[in-house]
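A.B. asks: kindly return the folded structure for what I paste below:
(one chain, ligands or ions: 1)
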Amino acid sequence: MEDWLFVGGVVSLDLVNTKRDRWSAEPRETLTTPASVSRWADAQGLSSVALPVEDSEREEVLRFREALYALVMSPNGPTSSADIEMVNHYAYALPGALLKEAPRGHGVAVARPTVGSVHALLSVLAHDFIWMVGEYGTERVKECEHERCGLVFVDASRGVKRRWCSMRRCGNRIKVQRYMQKSQPAGS
Ligand SMILES: [Zn+2]
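C.D. replies: Residues are numbered from 1 along each chain as shown. Model prediction:
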């Protein structure tokens, strides 16, 4: 059973989060097999049938994922043009979301295509990423403040004050930690 987490706010950052514990010397891979890539796409509602995935395609997904991570989180210097080219390469391959209707007030306005191949999956993810960067900018992509988390998310909140991947996962961990520290007698 995989423990997928959907805290990124957008599906492309959820992909980034399939590599866990980036803070540690030994990050944990959750996309360990081609089948796990297929299950992840299914869990995201991106494929209606089990996505066929080759070994080499799984590696392609991982390379793409690390390019996204570098683009939003690279602490040192300018973004790499190779990473940008990779995102655009997949975005070019297929059109993005399609307008379904133009409802006023509510309703589903756009349809994200369901994918039948890894390349189509990467195309959807590339479009999602490009949309996210255009909408929010990479400065709104944050890493959870819990020191042993490392998950990333886009902070779409109004005041841009979101600190945790999720309140349930890390917000509470921190609260408990603080409470424990406070309740310890001084000097102990
Ligand atoms: Zn966290």
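A.B. asks: ok, and the closest non-adjacent residue to S166?
C.D. replies: Excluding the flanking residues, the one nearest S166 by C-beta to C-beta, 6 or more residues apart in numbering is V7, at 4.9 Å. Every residue, glycine included, has its C-beta placed from N, CA and C.
A.B. asks: now do the contacts for the closest residue to G171 other than its chain neighbours.
C.D. replies: Spatial nearest neighbour of G171, excluding adjacent residues (C-beta to C-beta, 6+ apart): W164 at 4.2 Å. W164 sits next to 144-146, 149, 170-171, 174 when contact means C-beta atoms under 8 Å, 6 or more residues apart in numbering.
A.B. asks: and W164, backbone torsions?
C.D. replies: phi -110, psi 150 (degrees, to the nearest 10).
A.B. asks: R169 is in contact with the residue nearest to S166, correct?
C.D. replies: Yes - with contact defined as C-beta atoms under 8 Å, V7 counts as touching R169 (7.2 Å).
A.B. asks: the two: which is more packed in?
C.D. replies: Neighbours were counted for V7 and for R169 using other C-beta atoms under 10 Å; V7 has more, 18 against 15.
A.B. asks: relative to the ion, how far out is that one?
C.D. replies: As for V7, its distance to the ion is 8 Å (criterion: C-beta to the ion, to the nearest Å).
A.B. asks: state the pLDDT value of that residue.
C.D. replies: With respect to pLDDT, V7 scores 95.
A.B. asks: pretty sure it is in a strand, no?
C.D. replies: No - counting by DSSP: H, G, I helix; E, B strand; the rest coil, V7 is not part of a strand but coil.
A.B. asks: in contact with it, which residues?
C.D. replies: So V7 contacts 14, 17, 151, 153, 165-166, 169 (C-beta under 8 Å, 6+ apart).
A.B. asks: one more: G150?
C.D. replies: By C-beta under 8 Å, 6+ apart, the residues touching G150 are 20-24, 27, 143-144.
A.B. asks: just those residues: which are in strands?
C.D. replies: Using DSSP state E, the subset of the contacts of G150 located in strands is 20, 143.
A.B. asks: surely A50 touches W40?
C.D. replies: No - counting by C-beta under 8 Å, A50 does not reach W40; the two are 11.7 Å apart.
A.B. asks: neighbour count winner among these two?
C.D. replies: W40 (22 against 11).
A.B. asks: that one belongs to a strand?
C.D. replies: No - counting by three-state DSSP, one finds W40 to be helix, located in no strand.
A.B. asks: tell me the pLDDT at it?
C.D. replies: For W40, the model assigns a pLDDT of 96.
A.B. asks: the nearest residue to V53 once chain neighbours are set aside: neighbouring residues, count only.
C.D. replies: Distance criterion C-beta to C-beta, 6+ apart; nearest residue to V53, sequence neighbours excluded, is P34 at 3.8 Å. Residues near P34, counting by other C-beta under 10 Å, number 19.
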